[in-house]
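> Show me how the following folds:
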Amino acid sequence: MSLSKFSYSRAVCLIFLVGILFFLAYNTLLAGEVKTFSKEITTDKDEFVIEVAGTLDPENIEITIENLGSIPIVDPRISVNDKYDWFDVNSIAAEATRGCVTDQEKALGVWEWILFKRYQLSPRDRSALSPVRGMNGYGYGNCGFCAAWLKALCTAVGVKARVQEIWGHTVNEVFYDGQWHYLDSNCKVYYLAENNRTFTSLAELESRLLKTLCSTPFGIRGSFTCRLKFFTFTTIRAQRLSASEVVLLLCSRI
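Sure, this is the predicted structure:
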């Protein structure tokens, strides 16, 4: 019995599809399956490729470096796909700002790098305020550590940055284009200025908040809750607060 051209094409496609599924099933790791790779290195620098199955990047569980010789190995370094060379502040900053040209691009590169490279938890170790110690030794940090890392990394690429405290929360401001700009690498936010184009500063945020709170001739009365993206202010109970008292209570910073 002969096949029509249409049936023949369908049969070829079906065989091709089955072949692809067989290939993926054969070369893809099973759930919970662990693969290991080892290589002996005898030179000061070596580069090699690890072939992995499937279409997704593998999840690395552990890397072990063992000295098989009698000569001490000092400061071994490993990088993967030209990334994760976190030997010092300069190498981390170079990775975070790769391809960036302007100071704004560099600041946002550092901000984004911190967002996606750490978990939310305090190391409770002051030495982790250094991004080298924090990212290599812990991999997590809360607002104070994130702010310290952003300042250190921005400084390493020539962008002026400072740490600010806003009533129990630590954030950053970076300086470019002649003014300061607010960045929060812990809560993953920034704010646009009133022109809806540039990033605002913390001082401008305070001013805009003050205008909102004091827009009524009766001041602030009764129970009032002010919520911003980066911080939730607790309920305030007051009769009349002066402008200076409002700033001191809601937006105190160092």
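> Was I right to think T97 contacts V157?
Yes. Contact criterion Cβ atoms under 8 Å: T97 and V157 qualify, at 5.2 Å. From N, CA and C alone the C-beta is placed, and that goes for glycine too.
> Where in the chain is the helix or strand with the lowest mean pLDDT?
Every helix and strand of the chain was ranked by mean pLDDT, DSSP states H and E. The lowest is strand 236-238, at a mean of 30.
> shared neighbours of T97 and V157, anything?
106, 110 (Cβ atoms under 8 Å, 6 or more residues apart in numbering).
> The two - which one has more neighbours?
T97 (24 against 18; other Cβ atoms under 10 Å).
> which residues does that one contact?
Per Cβ under 8 Å, 6+ apart, neighbours of T97: 105-106, 109-110, 157.
> all strands in the stretch 101-250 of the chain, in order from the N-terminus.
With DSSP state E, counting those that start in this stretch, the ranges of strands along the stretch 101-250 of the chain come out as 160-165, 170-176, 179-183, 222-224, 227-228, 231-232, 236-238.
> Give the phi and psi angles for A94, as a check.
phi -60, psi -40 (degrees, to the nearest 10).
> gap between it and R118?
18 Å (Cβ to Cβ, to the nearest Å).
> Kindly report the same for T155.
T155 is 19 Å from R118, by Cβ to Cβ.
> Neighbour count: the two, which is higher?
Higher neighbour count among T155 and R118: R118, with 21 against 15, using other Cβ under 10 Å.
> from memory the more buried one sits against M135, does it?
Yes. The criterion here is Cβ under 8 Å, and R118 meets it with M135 at 6.9 Å.
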